[in-house]
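>>> dropping the sequence and predicted coords here.
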Amino acid sequence: MEVHIENNALGEQEMPVIAEKCGKKYFLETYGCQMNFSDSEIVTSILDEKGFSSTSLEAEADIILMNTCAIRENAEQRVRQRLTEFRELKRQNPSLIVGVMGCMAERLKEKLMEEEDLVDIVVGPDAYRNIPKLIEEVEGGQKAINVLLSREETYADINPVRLGGNGVTAFISIARGCDNMCSFCVVPFTRGRERSRDVETIVKEARLLFEKGYREVTLLGQNVDSYLWYGGGLKKDIDKATEEQKKGAVTFAGLLEQVASIDPLLRVRFSTSNPQDMTDEVLHVMARHENICRCIHLPMQSGSSRVLKVMNRGYDREKYIERINAIRTILPGCTITADIIAGFCSETEEDHQETLSMIDFVRYDLAYSFKYSERPGTTAARKYKDDVPEETKGRRLQEIIDLLRKMCYESNVKDIGKTFRVLTEGISKRSAEEIYGRNSQNKVVVFPKKDLKPGEYVNVKVSKCTSGTLIGEIIEN
Ligand code: 5AD
Ligand code: SF4
């Protein structure tokens, strides 16, 4: 099993290691965000339950599944390249089944089978329970597709098979879909309407992980701040809920409080926040619970109010600054990270300068930046011209990256001399004598291993840094 993570809002992942079992073998490769990674854990659970076993060797697989991303064109290109590599395997073994799941499957639907003739299965993000059935259909000699989007599916009852491998950190999906309709974004089309998962199943999953020795959970949703559990259904249908359901409704602040209260030794992270929806209440819950990590991913996208309006982001520059100030006031020492798009439709040099000045104002600890990539079917593709020349996009992106690199380094330099509580995660790739973990602010800290194992808390004093890592010594145990 391999994981290829898009360098995006939802962060990077380690490569999981999978034990082999008996039965028909599947090879599952994941591209995209943490949500896709989390979905692959659900699919693994569904397939294992049906007696399939996973393999890390594509050559010995009976079924190859690719969990794909559609957020930018290059994410799809990478999948297509990979499909051409599977062509040779299929030539050697004509009964090999190739399935494409995830956002690219949902976006292209049957067109994907027409364009890539080796694809036997196309399955969208809300139809994963159907995969064993789809495999059966292909074995019966047909191609199989299920791209139905659901108003209810949250896979709430499925216990994901953890593929992360470190036994310390895990993802928990709390909501699916997105109702925001940012004009550049394909996600509302590929992941459907926003629905929240039953709060009880989330808390139960987190508690179970803690009991198994996990020490950190990341609550995942396209827009965590708009989480709302009132007994089922789409968020927009809350008006149809009974009075009793409305009274018992749980917001994201409420959910965070419940998960954080499981145990002070269980760290809680979440992604992604949205500037127009992030409430002070959430920040106050964080302030009350030390185990809710001091790191907020707050996508900025653009520093220009005019561009934000064209993006249909639901906030302007002033509102974004106001939210940053609220974080700084309520949660001093909290790191702030972001996503930024360079060269969106109609972006002028002045707009770009406003993005740079926003980076300068916030002094991000980390941010992911991307060249705008037009996605078919989105409002931007239908209504606006992709009019910033490729060369200008590239130059603007480079200016953003250069400034961010400087900010990240400065942010790390400021940590020299400070002591952080670090949760250990694994042995450093560079040296077996070193262990790494992360502090509450989500910065990677490397230090001498001594007798430590992954999953322990230690205090580390930072003595030096690079732009991506803090380096230090344990000061007490
Ligand atoms: N082009 C470039 N970047 C995009 N993102 C989303 N859609 C696009 C697009 N069409 C970026 C946004 C988002 C992150 C996950 O990916 O910054 O927050
Ligand atoms: Fe994740 Fe969005 Fe890519 Fe889908 S399109 S995999 S939701 S980043």
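That came in fine, so what should we check first? Ligands and ions are numbered 1, 2, ... in the order given.
>>> secondary structure element holding the closest residue in space to Val362 that isn't next to it in sequence?
Spatial nearest neighbour of Val362, chain neighbours left out: Ile324 (5.5 Å); criterion: C-beta to C-beta, 6 or more residues apart in numbering. To be clear about C-beta, it is placed using only N, CA and C from the backbone, and glycine gets the same treatment. Using DSSP states H and E, Ile324 falls within helix 317-330.
>>> buried residues in the lengthiest helix in the chain?
If you go by DSSP state H, the chain has its longest helix at helix 390-414. The neighbour-count check on helix 390-414 (16 or more other C-beta atoms under 10 Å) flags Thr392, Lys393, Arg396, Leu397, Glu399, Ile400, Leu403, Leu404, Met407, Cys408, Ser411, Asn412 as buried.
>>> which pair of the residues you listed spans the longest distance?
Taking C-beta to C-beta, the two most distant members of the buried residues of helix 390-414 are Thr392 and Asn412; they sit 30.7 Å apart.
>>> what residues does the stretch 151-300 of the chain have near ligand 1?
For the stretch 151-300 of the chain, the residues in contact with ligand 1 (C-beta under 6 Å from any ligand atom) are Phe184, Cys185, Pro299.
>>> run through the bridge partners of Asn146.
Taking DSSP bridges as the rule, Asn146 bridges to Val123.
>>> contacting residues around it?
Counting by C-beta atoms under 8 Å, 6 or more residues apart in numbering, Asn146 touches Val122, Val123, Gly124, Ala127, Asn130, Leu134.
>>> does the second one really touch Lys133, like I thought?
No. Using C-beta atoms under 8 Å as the test, Val123 is too far from Lys133 to be in contact (10.1 Å).
>>> higher neighbour count, these two?
Between Val123 and Lys133, counted using other C-beta atoms under 10 Å, the more crowded position is Val123 (26 against 12).
>>> give me every residue that touches that one.
Here Val123 is in contact with Gly99, Val100, Met101, Ala105, Asn130, Ile131, Leu134, Ile145, Asn146, Val147 (C-beta under 8 Å, 6+ apart).
>>> number of nearby residues for Tyr226?
That one is not Tyr; residue 226 is Ser. 21.
>>> from Tyr315, how far off is the residue lying closest to it once chain neighbours are set aside?
With C-beta to C-beta, 6+ apart as the criterion, Ser226 has its nearest non-adjacent residue at 5.1 Å, and that residue is Asp277. Asp277 is 9 Å from Tyr315, where distance means C-beta to C-beta, to the nearest Å.
>>> which of the two has more residues huddled nearby?
Tyr315 (21 against 17).
>>> and the more buried one, helix, strand or coil?
In terms of secondary structure, Tyr315 is coil; the call rests on DSSP: H, G, I helix; E, B strand; the rest coil.
>>> got the confidence number for it?
Per-residue pLDDT puts Tyr315 at 98.
>>> need the contact list for it.
Going by C-beta under 8 Å, 6+ apart, Tyr315 touches Pro275, Gln276, Leu308, Arg323.
>>> need those in JSON lines (columns: secondary structure, neighbour count and distance to Asp387).
As requested, these are exported to JSON lines (DSSP: H, G, I helix; E, B strand; the rest coil; neighbours: other C-beta atoms under 10 Å; distance: C-beta to C-beta, whole Å):
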{"residue": "Pro275", "secondary structure": "coil", "neighbour count": "22", "distance to Asp387": "26"}
{"residue": "Gln276", "secondary structure": "coil", "neighbour count": "15", "distance to Asp387": "26"}
{"residue": "Leu308", "secondary structure": "helix", "neighbour count": "24", "distance to Asp387": "17"}
{"residue": "Arg323", "secondary structure": "helix", "neighbour count": "23", "distance to Asp387": "30"}
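>>> and these, which two are furthest apart?
Spanning the widest gap among these are Leu308 and Arg323, at 12.9 Å by C-beta to C-beta.
>>> what does the stretch 101-250 of the chain put close to ligand 2?
Taking C-beta under 6 Å from any ligand atom as the measure of proximity, the stretch 101-250 of the chain contacts ligand 2 at Gly102, Cys103, Val186, Val187, Thr190, Arg191.
>>> ok, of those, which one's closest to ligand 2?
Closest approach to ligand 2 among these (C-beta to the nearest ligand atom): Cys103, at 3.3 Å.
>>> and the chain, what are its domains?
15-146, 169-413, 419-474 (automatic domain parsing).
>>> any idea of the angle the helix or strand where Leu356 lies forms with helix 317-330?
Following DSSP H and E, one finds Leu356 within helix 349-362. Calculated by axes from the mean of the first three to the mean of the last three C-alpha atoms, to 10 degrees, helix 349-362 forms an angle of 10 degrees with helix 317-330.
>>> what's the longest helix of the chain packed up against?
Applying 3 or more C-beta pairs under 8 Å, 6 or more residues apart in numbering; DSSP states H and E, one finds that helix 390-414 contacts strand 335-342, helix 349-362, strand 366-371, strand 457-465.
>>> who touches it?
Residues from elsewhere that reach helix 390-414, judged by C-beta under 8 Å, 6+ apart: 335, 340, 342-343, 347, 352, 355-356, 359-360, 363-367, 369-372, 388, 443, 465-470.
>>> the residues you listed also near ligand 1: which ones?
Restricting the contacts of helix 390-414 to those within reach of ligand 1 (C-beta under 6 Å from any ligand atom) leaves Phe370, Tyr372.
>>> picking up where we left off before, isn't the residue nearest to Val362 up against Ile336?
Yes. Ile324 lies in contact with Ile336 (C-beta under 8 Å); the separation is 6.6 Å.
>>> what touches both of the two?
Leu298, Val362.
>>> ok, these two, which is more surrounded?
Ile336 (24 against 21).
>>> who are the contact partners of that one?
Neighbouring residues of Ile336 by C-beta under 8 Å, 6+ apart: Cys295, Ile296, Leu298, Ile324, Ile327, Val362, Tyr364, Asp365.
>>> please repeat the previous calculation with a cut-off of 7 Å.
Counting by C-beta atoms under 7 Å, 6 or more residues apart in numbering, Ile336 makes contact with Ile296, Leu298, Ile324, Ile327, Val362, Tyr364, Asp365.
>>> and ligand 2, which of the residues you listed reach it?
Okay, of the contacts of Ile336, nothing touches ligand 2 (C-beta under 6 Å from any ligand atom).
>>> which one among the residues you listed gets closest to ligand 1?
Leu298 (10.2 Å).
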